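> Sharing a sequence plus its predicted fold:
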Amino acid sequence: MRKQKRVLALTMAAAMGISLLAGCGSSTQQQAGAGSETASTTSSGSTATAESSGAEDNIIRVGVVCSMTGGSAIYGEGAQNAVDMAVEEINAGDSGYKIEIVNNGQVADDAKDAKQAMNAYNLLMAEQPEAIVGSFFSSVTLPMATQAASDGMLLLATGATNVDVTLKGDTIFRNCFIDPYQGKMAALFVKDKGISKVAVIYAKDDDYSNGLKDAFVENCEANGIEVTYTGECMTTDTDYSSQAAQAVASGAEFLYYPCFLDTVPLLVGAARNAGFTGIIMGGDGWDGADTTGLEDKFDNCYFTNHYSSEDTSPAVVNFVQKFTEKYGTESLNACAALYYDAMYMLVQAAENGGGTDTASLVAGMKGVSFSGVGGDITLDENGDAIKSIVFNTYVDGQVKWAETLDAEGKVVASAE
Amino acid sequence: MTLSLFIQSLINGLNQGAIYALIALGYTMVYGIIRMINFAHGDFIMIGSYTLFYTIPLMVNAGMPAWLAVVAAVAVCAVLGILVETFAYRPVRKAGSMSALITALAMSIFLQNLAMVLFGAKPHNVQAIFSLPTITVGGVSLPLNVLLTIAIGVVIMLGMQIFVKGTKLGKAMRAVPQDKDASTLMGINVNRIITLTFCIGSSLAAVAALMYCATYPRVTTDMGSMMGMKAFIAAVLGGIGIIPGAMIGGILVGLIEIFVKLFAPGWYEAVTYGTLIVILLVKPSGILGKNTGEKV
């Protein structure tokens, strides 16, 4: 009786032990997918290896953040469409890596608000992604970058051009140019046109706008261009008549307005109503601005951008064609292009780094050279992209590509 | 500052002020009758603006002038005003002014989110409503829009004054806030008078929306909150419940904002709200308000 009990206990213990090992092995197998026999055998030996290799499933789990509501919702729409499209292509392709968008494939909404952005970030972090892509705006990306740096999470910023974003940590990258570069190029453009007096109106409550204004003013002064008026506004303003009147009164021949698309029609309308006939120029935030009803007022307006849909390079033509077929042209903006590129950059980072866990992706991201819709990109030591810049203008309210300059300011391609 | 810049700022200030005044008229109208601040008034304007955004192209296609779209906007806003009053405000009217205030705030948020669902979160440009020329004299440009906005404001103000002071319905409207029970005894249908007030107040919102869109041709779902706040300040500044006060308050706020932007651009909102605080300290009933003692 006693002996029997002992035997029973032993058998039970053995069975439990086996089932434990088996459980461990099978769960690893599930995660690693088919064909990872070796992984499961090693895992029964040592738990530590099991966990790190258990994550190696060739699937990059990505969280995406963009503005889905508010004045810049059109960017979010473009981002969602572009991400859907890129993921579909990558998962159907033969790169060996697949992408899974956490949050059920939905882009998390930052509502172009720093607090909302942190909510979105935390929402995504709860699903344990291996990389986070976003966001498009500097002001919402900055707090996310600080948090991502302390979490050791890879953050691939898409349109955040403020210089501080990638300085927050080693795991922060971006696939767009930075404000000092964009502001410098705008100043060089003014110099090329032989203009000597410029006015600037910027949104005081926005990091992006401040960064661009500083860079532009600095480079103007360095090139002997006089800034006759610097006006402030808020991102929530609707009335620009006062600033416009002052810009006209200051005798400026060129007006720089580094703000976002939702207020651009109001500013352009107010400036033209105030009798300003010179060039009005903006940064990449102008992309997608609604010109309906203001077509004639948008004549002689320019903006710098990450890419142009009229560019003739194969990558752009392919992207534009596919996107237009699926979603039309309304949300076909630079934001869409940058989110699309971001997905492919992560795949390339996985290839370079040899894995889809965050550490491998970060290693693969460092110094990567990438060719996509946004042009040829090389990441510098800060994780900032060195790339070409596009100048767009308007004809009958439609955006027209004017020219593309490389990082040194040489014209690479021009519409003329 | 040059003289031309000064005159230009004056014109810009009048322009912005006239729009605030139009919106403030709606606030003051409702407050004057039922002693309730309708915080959803700005959102009525938002709904009116969206109506304009959708109906103007139809008008233009039918070969009619674009501003006739205001008829549709007035109809939509009037119906909305009646619905909101009947289903949201009337049930809480007995519960006191605090409940009414909170219901109005909730209604404001509800309307904004409803608009986001119905119209999408993206801002839209409204087509040109008036093709009025701009007169330029000596570096000063005067858009004739400004004169039209002011003229409409004055006409509405006078019309409302005559209506409230001169007609039988107007007399009933003035009686209701004084004593609801006595008004009922005098044969006034209090509920109907209040509904009528909302109907008129909301129709004013549609007219304000027309002039707003003519100057700032853009509609967003959150446009009502900021604009409503400024107009509310204008109404309080002029003396809430007093119809000419709304006009004066509105133009004052517009002028203050534009002139502050000349000297300290980042401070204009601080100065606007600061002015309100000063006025409330010095003369709590507003510029045109009469200091009537509380009945004991």
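Sure thing, it's come through. Numbers count the residues shown, from 1 in each chain, chains lettered A, B, ... in the order given.

> where does chain B have low pLDDT?
Across chain B, residues meeting the criterion (pLDDT under 70) sit at B:1, B:291-296.

> Point out the residues in the stretch 101-250 of chain B that sit beside chain A.
When proximity is defined by Cβ under 8 Å from any Cβ of the partner chain, the stretch 101-250 of chain B lies next to chain A at B:116, B:120-128, B:134, B:136, B:139, B:141, B:143, B:216-218, B:220, B:222-223, B:226-227. Just so you know, the C-beta spots here come from the backbone N, C-alpha and C atoms, and that holds for glycine as well.

> give me that answer again for 6 Å
Neighbours of chain A within the stretch 101-250 of chain B, by Cβ under 6 Å from any Cβ of the partner chain: B:121-123, B:125, B:127-128, B:141, B:216-218, B:226.

> Now do the longest helix along chain B: which elements does it pack against?
Criterion DSSP state H: the longest helix present in chain B is helix B:3-34. Applying 3 or more Cβ pairs under 6 Å, 6 or more residues apart in numbering or on different chains; DSSP states H and E, one finds that helix B:3-34 contacts helix A:241-249, strand B:140-143, helix B:144-166, helix B:190-215, helix B:223-238, helix B:243-263.

> Give me the angle between it and helix B:243-263.
Note on geometry: by axes from the mean of the first three to the mean of the last three Cα atoms, to 10 degrees, helix B:3-34 and helix B:243-263 are set 150 degrees apart in direction.

> re earlier: which members of the residues of the stretch 101-250 of chain B next to chain A occur in strands, if any?
B:125, B:141, B:218 (DSSP state E).

> Does residue B:237 touch residue B:249 like I think?
Yes: with contact defined as Cβ atoms under 6 Å, residue B:237 reaches residue B:249; the gap is 3.8 Å.

> tell me the contacts of residue A:151?
Shown here is residue A:151, which makes no contacts under the criterion Cβ atoms under 6 Å, 6 or more residues apart in numbering or on different chains.

> make it 7 Å
By Cβ atoms under 7 Å, 6 or more residues apart in numbering or on different chains, residue A:151 lies in contact with residue A:125.

> how about the longest helix of chain B: buried residues?
Neighbour-count burial for helix B:3-34, with 16 or more other Cβ atoms under 10 Å in any protein chain shown as criterion, is recorded at B:4-5, B:7-9, B:11-34.

> How far does it sit from its chain's centre?
Its chain's average C-alpha position is 9 Å from that of helix B:3-34, according to Cα atoms, centre = their mean, to the nearest Å.

> Counting neighbours, go ahead and name the busier of residue B:237 and residue B:249.
A direct count of neighbours by other Cβ atoms under 10 Å in any protein chain shown for residue B:237 and residue B:249 places residue B:249 higher, at 32 against 29.

> Not counting its neighbours along the chain, what's nearest that one?
Of all residues not flanking residue B:249 in the chain, residue B:238 sits nearest, at 2.9 Å (Cβ to Cβ, 6 or more residues apart in numbering or on different chains).

> Which one (most neighbours) among the ones in strands among the residues of the stretch 101-250 of chain B next to chain A?
Neighbour counts for these (other Cβ under 10 Å) peak at residue B:218, which has 24 neighbours.

> For it, name its beta-bridge partners.
Residue B:218 forms beta bridges with residue B:125, as assigned by DSSP bridges.

> for residue A:400, same thing?
With DSSP bridges as the rule, residue A:400 is bridged to residue A:393.

> and it, what does it touch?
Applying Cβ under 7 Å, 6+ apart to residue A:400 gives the contacts A:392-394, A:415.

> just the helices in the stretch 51-200 of chain A please.
Secondary structure of the stretch 51-200 of chain A (DSSP state H, counting those that start in this stretch): helices at A:73-92, A:114-125, A:138-151, A:179-192.

> Just the buried positions in the last one, please.
Within helix A:179-192, the residues scored as buried using 16+ other Cβ under 10 Å are A:179-187, A:189-191.

> what two of these are the furthest from one another?
A:179 and A:191 (18.4 Å; Cβ to Cβ).

> one step back: would you pull up how far whichever helix or strand comes after the longest helix of chain B lies from the middle of the chain?
The helix or strand immediately downstream of helix B:3-34 is helix B:41-61, counting by DSSP states H and E. Its chain's C-alpha centre and that of helix B:41-61 lie 16 Å apart, by Cα atoms, centre = their mean.

> List of residues touching helix B:41-61?
Identification of contacts with helix B:41-61 by Cβ under 7 Å, 6+ apart yields B:23, B:26-27, B:66, B:68-69, B:72-73, B:76-77, B:80-81, B:108, B:111-112, B:115, B:119, B:124, B:126-127, B:129, B:202, B:205-206, B:208-210, B:212-213, B:219, B:221, B:223-225, B:227-228, B:231.

> tilt between that helix and helix B:3-34?
Orientation check (the same axes, to 10 degrees): helix B:41-61 against helix B:3-34 gives 110 degrees.

> so what's residue B:35 up against?
B:97, B:177.

> Ramachandran angles for it?
Residue B:35 adopts backbone torsions of phi 50, psi 40, taken as degrees, to the nearest 10.

> Report pLDDT for residue A:208.
On the pLDDT scale, residue A:208 is placed at 85.

> SS state for it?
helix (DSSP: H, G, I helix; E, B strand; the rest coil).

> shouldn't it be in contact with residue A:137?
Yes: Residue A:208 lies in contact with residue A:137 (Cβ atoms under 7 Å); the separation is 6.4 Å.

> how near is residue B:281 to chain A?
Counting by Cβ to the nearest Cβ, to the nearest Å, the gap from residue B:281 to chain A is 27 Å.

> give me the number of residues near that residue?
Look at residue B:281: counted by other Cβ under 10 Å, it has 8 neighbours.

> residue contacts, it?
Counting by Cβ under 7 Å, 6+ apart, there are no residues that residue B:281 touches.

> Give me the spatial nearest neighbour of residue A:186, chain neighbours excluded.
Residue A:186 sits nearest to residue A:216 (Cβ to Cβ, 6+ apart), 5.3 Å away.

> State the distance from the one you found to chain B.
Distance of residue A:216 to chain B, computed by Cβ to the nearest Cβ: 18 Å.

> Could you list every helix and strand in contact with the helix or strand containing residue A:267?
Using DSSP H and E, residue A:267 maps to helix A:264-273. On a contact count with 3 or more Cβ pairs under 7 Å, 6 or more residues apart in numbering or on different chains; DSSP states H and E, helix A:264-273 meets helix A:241-249, strand A:279-282.

> So which of those is the most surrounded?
Mean neighbours per residue, mean count of other Cβ atoms under 10 Å in any protein chain shown, is largest over those for helix A:241-249, with a mean of 26.

> The next helix or strand after that helix: how far from the chain's middle?
Counting by DSSP H and E, the element after helix A:241-249 in chain order, helix or strand, is strand A:254-256. Distance of strand A:254-256 from the chain centroid (Cα atoms, centre = their mean) equals 26 Å.

> For residue 67, the count of nearby residues, please.
Going with chain A. Residue A:67, neighbours per other Cβ under 10 Å, totals 30.

> try again with chain B
16.

> contacting residues for it?
Counted by Cβ under 7 Å, 6+ apart, residue B:67 has contacts B:129-130, B:210.

> Quick check: which element contains the spatially closest residue to residue A:184 that is not a sequence neighbour?
Distances taken as Cβ to Cβ, 6+ apart place residue A:219 nearest to residue A:184, at 4.6 Å, with adjacent residues excluded. Per DSSP H and E: residue A:219 is located in helix A:207-222.

> Check residue B:241 too.
Going by DSSP H and E, residue B:241 is not in any helix or strand.

> now the ones in strands among the residues of the stretch 101-250 of chain B next to chain A in JSON lines, with distance to residue B:62?
Below are these laid out as JSON lines (distance: Cβ to Cβ, whole Å):
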{"residue": "B:125", "distance to residue B:62": "21"}
{"residue": "B:141", "distance to residue B:62": "32"}
{"residue": "B:218", "distance to residue B:62": "24"}
